[in-house]
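In: all I have is the shape, not the residue letters:
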């Protein structure tokens, strides 16, 4: 696994534990609801993860982009498909999305270089 | 066709004509590129329109939401699927997306009531 | 009750019913969680409603502003206090918050003119 | 003077009076500082008003756009120049700026139709 | 004092000095006005700092979050109260606020570990 | 050339190459259109780069700010002028723009220290 992926996962896990440990009911339920949102329903998981990715991109949240790129990779989204999601995000959100696309592209290179799903 | 749809389409057409008539090359090419973005590629048109919809919702652009709802309707997206897109948008973007969801839901009711694709 | 308040409440109720009626679990649970967020806890309801108000203002959501202004009024927030919340929102969010402050101020005038909690 | 301009000016004046009348020092000083921001300095008023316009467009604030369009018109900004500002805003901010460009274009038509500076 | 706090304070002081040294009147007056905004008035400092915190969170500004967390800590805001502010921010602003909540939570751990006000 | 400038340029070039190499037509055309946007027209390049800068600041995109600061420096924008652009951005966008102004100010110091255009 690449370095960006490892660092992202480690920090995310460590801090989620801190946050959830405070037992704030609203936050803990929101985290739970977040997971449910991407479960298969009328739309499949792959589509939902691409929806999460494009939403994260136009809102310009690097960590959210990394998270959904990881999930898209697990769901077998291809590089060509990922770049079509990037295209929608850059057209809708404008050129301010480009720096986030750079960091997303770097993370995707690491995901696809790792070769494993 | 319902009143909201008609008003939206009429104003959009009228003002696009004014804008494109000014012959600003960058704007005219961006409008053109916008159309290309949602053409079938590695992802089909239906998926791309749902990506456009969720991006419009988290960015809270009522007119963009209406536009993509119209396109989703043409692509045969079901009410259950549309609400799963709404769900992703509301979870990612938070409760400030709710008022836009209300107006989107109203537009969707009109689209589905019209019965025609 | 003033006209702005009535129109806001009527549309909000009508569309919430449409949305909740679609039985999307994520959306329905988010609406529920939203209500819980402002319940008394370590912070009292009045403080939480002012937090909701300032968040709505910097995110420039007119309907959210109206909603929280209504709740602040019910909680006995004074005009002087409301304007201090407006001040934080305008300083943090900048002059683009001013047009929303105008519409918020208009709604607040109607709330306080109505005289009843 | 056109209808859009009149309505915008009337509502803006009325509500500014309500807001400033509450004597919140922070808000009143911010309104004052806002005026100073666009005074001639190292950059001239025309350039500053175009900066205010593009900032308002990418932040998608219709009332701010109208305000700065009015000021740009007073400063003799031409239609070709205004559309170059629109172009920067639409490229940087993406297609979600388009609906605001439509409303801005409509307001600009009214300003230029009025014929007077 | 922890490392995150020290780095944040040092960089902030150094760059504020550079900026204020340029003697731009609007910027220098805005910095001054910013300080006044959080002074005690109809609302106390503690409440105002929590308002500043929630506004910073929904606008997803890590440095602003750190700044207001520091001030909240000085005002004796408890961990339970801070997490209720986090809860409002995450519900209003959605899951894109989560990565900022992680960094805010890490900063808060350091503040509370330092033990001194 | 300073360290911040070098790192920014190197990463930007490397990742743009990765992105453009994927041959997504929409993205590649958008990158191209982005360049055209700032070419001389009715407005000169200097004015357009200041428009790009203020738009990047209110949208709080550090990399976009760095990019346009570099271009403004090439166009002979003075420190006093840059700070007037900063002033518009901070007034329109609010105090959440301050942390980005700090990083922009640091980058500008490096540009002007380098002494060469």
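Out: Noted; the coordinates are in hand. Fair warning: this is a prediction, and the values are worked out from it, not measured in the lab.

In: all the helices of chain A, residue numbers only.
Out: Along chain A, counting by DSSP state H, helices occupy A:3-21, A:25-37, A:45-58, A:62-74, A:79-93, A:98-114.

In: can you list the buried residues in the third one?
Out: Read it as helix A:45-58. With burial defined by 16 or more other Cβ atoms under 10 Å in any protein chain shown, the residues of helix A:45-58 counted as buried are A:46-58. In this view, the C-beta of every residue, glycine as well, is placed from N, C-alpha and C.

In: ok, the nearest residue to residue A:24 once chain neighbours are set aside - contacts?
Out: Among residues not flanking residue A:24 along the chain, residue E:83 sits closest, at 4.2 Å (Cβ to Cβ, 6 or more residues apart in numbering or on different chains). By Cβ atoms under 8 Å, 6 or more residues apart in numbering or on different chains, residue E:83 lies in contact with A:22, A:24, A:27.

In: by neighbours, which of these wins?
Out: residue A:27 (23 neighbours; other Cβ atoms under 10 Å in any protein chain shown).

In: burial count for the closest residue to that residue other than its chain neighbours?
Out: Counting by Cβ to Cβ, 6+ apart, residue E:87 is the residue found nearest to residue A:27 once chain neighbours are left out, at 5.1 Å. Residues near residue E:87, counting by other Cβ under 10 Å, number 28.

In: can I assume residue E:87 is in contact with residue A:26?
Out: Yes: between residue E:87 and residue A:26 there is a contact under Cβ atoms under 8 Å: 3.9 Å.

In: quick one: common contacting residues for those two?
Out: What both residue E:87 and residue A:26 touch, as defined by Cβ under 8 Å, 6+ apart, is the set residue C:37.

In: in contact with the residue lying closest to residue A:41 once chain neighbours are set aside, which residues?
Out: With sequence-adjacent residues excluded and distances taken as Cβ to Cβ, 6+ apart, residue A:41 is closest to residue B:84, at 5.3 Å. Residue B:84 sits next to A:41-43, A:48, C:24, C:26 when contact means Cβ under 8 Å, 6+ apart.

In: save those residues as TSV, and put in pLDDT too.
Out: Shown next, in TSV, are the contacts of residue B:84 (pLDDT from 0 to 100):
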residue	pLDDT
A:41	98
A:42	98
A:43	98
A:48	98
C:24	98
C:26	98
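
In: and chain A, which residues reach chain B?
Out: A:33-34, A:37-38, A:41-43, A:47-48, A:50-52, A:54-59, A:64, A:78, A:80-81, A:84-85, A:87-89, A:91-93 (Cβ under 8 Å from any Cβ of the partner chain).

In: what about 6 Å?
Out: Proximity of chain A to chain B, by Cβ under 6 Å from any Cβ of the partner chain, involves residues A:34, A:37, A:41-43, A:51, A:54-55, A:58-59, A:80-81, A:84, A:87-88, A:91-92.

In: now do the contacts for the residue nearest the centre of chain A.
Out: Taking Cα atoms, centre = their mean, the centroid of chain A lies closest to residue A:68, which sits 1.7 Å from it. Contacts of residue A:68 were listed using Cβ atoms under 6 Å, 6 or more residues apart in numbering or on different chains, and they are A:49, A:52-53, A:56.

In: possible to save the residues you listed as JSON lines with pLDDT?
Out: Formatted as JSON lines, the contacts of residue A:68 follow (pLDDT from 0 to 100):
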{"residue": "A:49", "pLDDT": "98"}
{"residue": "A:52", "pLDDT": "98"}
{"residue": "A:53", "pLDDT": "98"}
{"residue": "A:56", "pLDDT": "98"}
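
In: so which of those is the closest to residue D:73?
Out: Nearest to residue D:73, judged by Cβ to Cβ, of those is residue A:56 at 39.1 Å.

In: can you tell me how far the closest one is from residue D:46?
Out: From residue A:56 across to residue D:46, the span is 39 Å (Cβ to Cβ, to the nearest Å).

In: same check on residue A:34?
Out: The spacing between residue A:34 and residue D:46, counted by Cβ to Cβ, is 48 Å.

In: list just the nearest of the contacts of residue E:83 to residue E:113.
Out: Among the contacts of residue E:83, residue A:22 lies closest to residue E:113 (Cβ to Cβ), at 14.7 Å.

In: which pLDDT value goes with the nearest residue to that closest one once chain neighbours are set aside?
Out: Once flanking residues are discounted, residue A:22 sits nearest to residue E:83: 4.9 Å by Cβ to Cβ, 6+ apart. With respect to pLDDT, residue E:83 scores 98.

In: now do residue A:114
Out: Here, the pLDDT recorded for residue A:114 equals 79.

In: please report phi then psi for the nearest residue to residue A:48 once chain neighbours are set aside.
Out: Leaving aside its sequence neighbours, residue A:48 sits nearest to residue A:38 (Cβ to Cβ, 6+ apart; 4.7 Å). Main-chain torsions, residue A:38, degrees, to the nearest 10: phi -100, psi 10.

In: tell me which parts of chain A are close to chain D?
Out: Applying Cβ under 6 Å from any Cβ, we find that chain A lies next to chain D at A:91-96.

In: could I get these as JSON lines with pLDDT, neighbour count and distance to residue A:3?
Out: Output for those, formatted as JSON lines (pLDDT from 0 to 100; neighbours: other Cβ atoms under 10 Å in any protein chain shown; distance: Cβ to Cβ, whole Å):
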{"residue": "A:91", "pLDDT": "98", "neighbour count": "27", "distance to residue A:3": "31"}
{"residue": "A:92", "pLDDT": "98", "neighbour count": "29", "distance to residue A:3": "31"}
{"residue": "A:93", "pLDDT": "98", "neighbour count": "27", "distance to residue A:3": "28"}
{"residue": "A:94", "pLDDT": "98", "neighbour count": "27", "distance to residue A:3": "30"}
{"residue": "A:95", "pLDDT": "98", "neighbour count": "27", "distance to residue A:3": "28"}
{"residue": "A:96", "pLDDT": "98", "neighbour count": "22", "distance to residue A:3": "27"}
